[in-house]
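Q: Sequence first, then the predicted structure, then my questions.
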Amino acid sequence: MRHFLNLADAGGNAVAAMLGDAIDRKAARAGLPKGCADPDAPLAGRVLAMVFEKSSTRTRVSFDIAIRQLGGTAVVLDSGTTQLGRGETVADTARVLSRMADAIMMRTHDHAKIEELAHHASVPVINGLTDLSHPCQIMADLQTVLEHGKALPGLEVAWLGDGNNVLNSIVEAAGLMKFNVRIGVPQGYESDSGMIALAEAAGARISLHRDAQSAVAGADVVVTDTWISMGQAHVSEKLAAMAPFQVNEALMAQARPDALFLHCLPAHRGEEVTEGVIDGRQSAVWDEAENRIHAQKSVLRWVFGQI
Ligand code: CP
Ligand code: NVA
């Protein structure tokens with residue numbers, strides 16, 4: 001049974017194989033209408049159940065389109081309208097969905113909940129974001145970086161802002177794919193120390209910066225995300241602490257001239273990023289968003305043992 005709860009569940013070799021597959025399949029179906037299945041329809045007849053306990057635009061649409069392009073279908077469950085939302089246990093939900101669907105994708109709060117789902121499921125479980133991590137997003141990010149002509153080993157990635165779930169998966173990816181991460185976060189908003197320790201043990205250089213300029217200096221890729229993640233309260237103290245880490249044109253100019261700007265979206269223009277950066281020439285955010293489809297097709301093929 002292959003679950004994809006974090007990138008380490010697959011490992012570096014499988015992540016590399018999935019990225020290659022995503023790039024090839026994307027190129028092979030260029031020009032086809034988005035709802036058309038790939039000619040080989042490798043997941044024909046398979047059903048993906050998606051459980052959302054948090055909001056989503058990209059994850060929801062991209063998994064739906066991804067499974068369709070692979071020849072399968074999806075069922076979407078919003079927690080507010082399911083029995084899970086009324087207190088049915090995660091274990092029983094896992095057992096039932098395993099009888100009705102061939103794989104389960106879940107977006108939830110506590111990472112322990114998706115681990116519990118996977119423990120009781122008899123079909124593969126995919127993490128569509130938890131408070132701890134967002135591995136599917138980072139698959140799309142890595143695909144985008146590769147498509148823009150940058151190799152992963154030795155890449156210098158600068159993260160600015162909150163030490164959140166997206167950063168945790170970037171740090172995890174750094175250990176697996178041998179790139180470096182400069183983390184520019186204010187005191188008290190650091191990311192998961194266990195993930196950092198694992199990445200460093202695998203040979204990645206992870207550095208902590210208390211000023212945005214030193215984090216970004218000479219970076220190949222500059223990444224940020226919302227300062228307030230889903231489930232977190234809007235606290236003015238946090239917004240004030242984050243303000244010096246805004247990615248604006250002056251900060252972007254400190255990175256390499258060919259540096260890419262990435263953001264998983266949704267973005268808050270004027271907070272973590274300025275309009276000039278996200279809509280500017282170095283921004284690859286729309287490729288990144290589209291790649292959610294292509295990268296997740298490869299994740300789906302991997303959990304079904306096809307990669
Ligand atoms: N980036 C991302 O996961 O977007 P959604 O919250 O819209 O799914
Ligand atoms: N860190 C953000 C990512 C949204 C896709 C959140 O968890 O809300």
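A: Yep, that arrived. Residues are numbered from 1 along each chain as shown. Ligands and ions are numbered 1, 2, ... in the order given.
Q: Which positions in the stretch 151-300 of the chain make contact with ligand 2?
A: By CB under 6 Å from any ligand atom, the residues of the stretch 151-300 of the chain that approach ligand 2 are Asn164, Asn165, Val166, Asp225, Thr226, Ser229, Met230, Cys264. Placement of C-beta: from N, CA and C, glycine included.
Q: Just give the nearest non-adjacent residue to the last one, would you?
A: Pointing back at Cys264 there. Distance criterion CB to CB, 6 or more residues apart in numbering; nearest residue to Cys264, sequence neighbours excluded, is Gln137 at 4.8 Å.
Q: near ligand 1, which residues of this structure show up?
A: Ser56, Thr57, Arg58, Thr59, Leu129, Gln137, Cys264, Leu265.
Q: Any chance of these in JSON lines with secondary structure, pLDDT and neighbour count as columns?
A: Below are the residues of the chain next to ligand 1 laid out as JSON lines (DSSP: H, G, I helix; E, B strand; the rest coil; pLDDT from 0 to 100; neighbours: other CB atoms under 10 Å):
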{"residue": "Ser56", "secondary structure": "coil", "pLDDT": "98", "neighbour count": "19"}
{"residue": "Thr57", "secondary structure": "coil", "pLDDT": "98", "neighbour count": "10"}
{"residue": "Arg58", "secondary structure": "helix", "pLDDT": "98", "neighbour count": "19"}
{"residue": "Thr59", "secondary structure": "helix", "pLDDT": "98", "neighbour count": "22"}
{"residue": "Leu129", "secondary structure": "coil", "pLDDT": "99", "neighbour count": "28"}
{"residue": "Gln137", "secondary structure": "helix", "pLDDT": "99", "neighbour count": "28"}
{"residue": "Cys264", "secondary structure": "coil", "pLDDT": "98", "neighbour count": "26"}
{"residue": "Leu265", "secondary structure": "coil", "pLDDT": "98", "neighbour count": "16"}
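Q: okay, now Ser236: neighbour count?
A: The number of residues packed near Ser236 is 7, by other CB atoms under 10 Å.
Q: measure it to Ser122 for me?
A: Distance of Ser236 to Ser122, given as CB to CB, to the nearest Å: 47 Å.
Q: Got a quick PyMOL command for the buried subset of the residues of the stretch 151-300 of the chain next to ligand 2?
A: Here is the PyMOL selection string for the buried members of those, based on 16 or more other CB atoms under 10 Å:
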select buried, resi 164+165+166+225+226+264
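Q: Restricted to strands, list the residues of the stretch 151-300 of the chain next to ligand 2.
A: Of these, none are assigned to strands by DSSP state E.
Q: Closest one of the residues of the stretch 151-300 of the chain next to ligand 2 to His294?
A: His294 lies nearest to Cys264 out of these, by CB to CB, at 15.3 Å.
Q: ok, the closest one - contacts?
A: Applying CB atoms under 8 Å, 6 or more residues apart in numbering, one finds that Cys264 lies in contact with Arg58, His134, Gln137, Asp141, Val166, Asp225, Glu288.
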